[in-house]
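J.: whatever this is, show me its structure:
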Amino acid sequence: MSSKAGPRAEGTDGSDWQHREKVAVQYVTSVKYKNAMKRTLLYHGMLGTSMLGTAVIAGINCLYLWQVLWLAAFPTCLIGFRGIMKNKSKYLNLYRIGLALCSVPACIWGLLATAGYVSHQEFYPYVNLPKPAKFLMPDSNYVFYFLGGTTLCSHLFTLVAIRKLIYAWDVTSRKSKAQ
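T.: Predicted coordinates:
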């Protein structure tokens, strides 16, 4: 029965395979968005690590307040990654809160400040550090527009993916409520 040319089971012509080959929609959705979120978490992690490393080398007082706000949400990447690995919606909700409260506003604030619509707020006066010689910004604003824009899009996509993942994982409670 394993060969195509060999004998078939009685009562079938071989066209009944379709009902056995289906994967539930929630599993397909889960795999799709988990893979996409892994990429966005990797991007957020690489950018956060490089920004944190540069801030440590150059001095923490060279950061603007929106950069500190964005770095404050950086540890939530680990929570989000754990939520994906363990399929825990509680961890994904914590990551979503960190993104919505810190990362997305920080990206918007940074883009608007770089464009000149709002002012940059220095971090050093709030923690009584000396004024730095140079702040941690790229020499070209176009580099920052690219990094800030892609980071903002990545965070917004992640928020959508988290919502879809939690909805896909919550299929059993939706079925029990319907009955």
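
J.: okay, now L152: neighbour count?
T.: Residues within reach of L152, counting by other Cβ atoms under 10 Å, total 17. Just so you know, the C-beta spots here come from the backbone N, C-alpha and C atoms, and that holds for glycine as well.

J.: which one is it nearest to, not counting chain neighbours?
T.: In space, and not counting its chain neighbours, L152 is closest to C107: 4.1 Å by Cβ to Cβ, 6 or more residues apart in numbering.

J.: let me see the mean pLDDT of the strand or helix carrying the one you found.
T.: For C107, the host element (DSSP states H and E) is helix 104-115. Mean pLDDT, computed over helix 104-115, is 87.

J.: next: stretch 162-173.
T.: Mean predicted lDDT for stretch 162-173 stands at 81.

J.: that stretch: which residues count as buried?
T.: 162, 164-166, 168-169 (16 or more other Cβ atoms under 10 Å).

J.: give me the residues contacting that stretch.
T.: 24-27, 29-30, 33-34, 37, 80, 84, 87, 89, 92-93, 95-96 (Cβ atoms under 8 Å, 6 or more residues apart in numbering).

J.: stretch 83-103 too?
T.: 30, 34, 37-38, 41, 44, 69-70, 72-73, 75-77, 79-80, 82, 151, 155, 158-159, 162-163, 165-166, 169-170.

J.: how about the helices of the chain, start to end?
T.: Ranges of helices within the chain are 25-58, 65-72, 76-86, 89-98, 104-115, 141-169, 171-178, based on DSSP state H.

J.: just give the nearest non-adjacent residue to G110, would you?
T.: W66 (4.6 Å).

J.: now swap in T158 and tell me
T.: Nearest residue to T158 in three dimensions, chain neighbours excluded: T40, at 4.7 Å (Cβ to Cβ, 6+ apart).

J.: near the one you found, how many other residues are there?
T.: Number of residues near T40 (other Cβ under 10 Å) recorded here: 21.

J.: show me the shaky parts of the protein.
T.: Residues of the chain that meet the criterion pLDDT under 70 lie in 1-21, 23, 123-124, 127, 129-130, 132-141, 172-179.

J.: rerun at 90
T.: 1-34, 37, 41, 43-78, 87-89, 102-103, 106-152, 164-179 (pLDDT under 90).

J.: fine, thanks again, bye for now.
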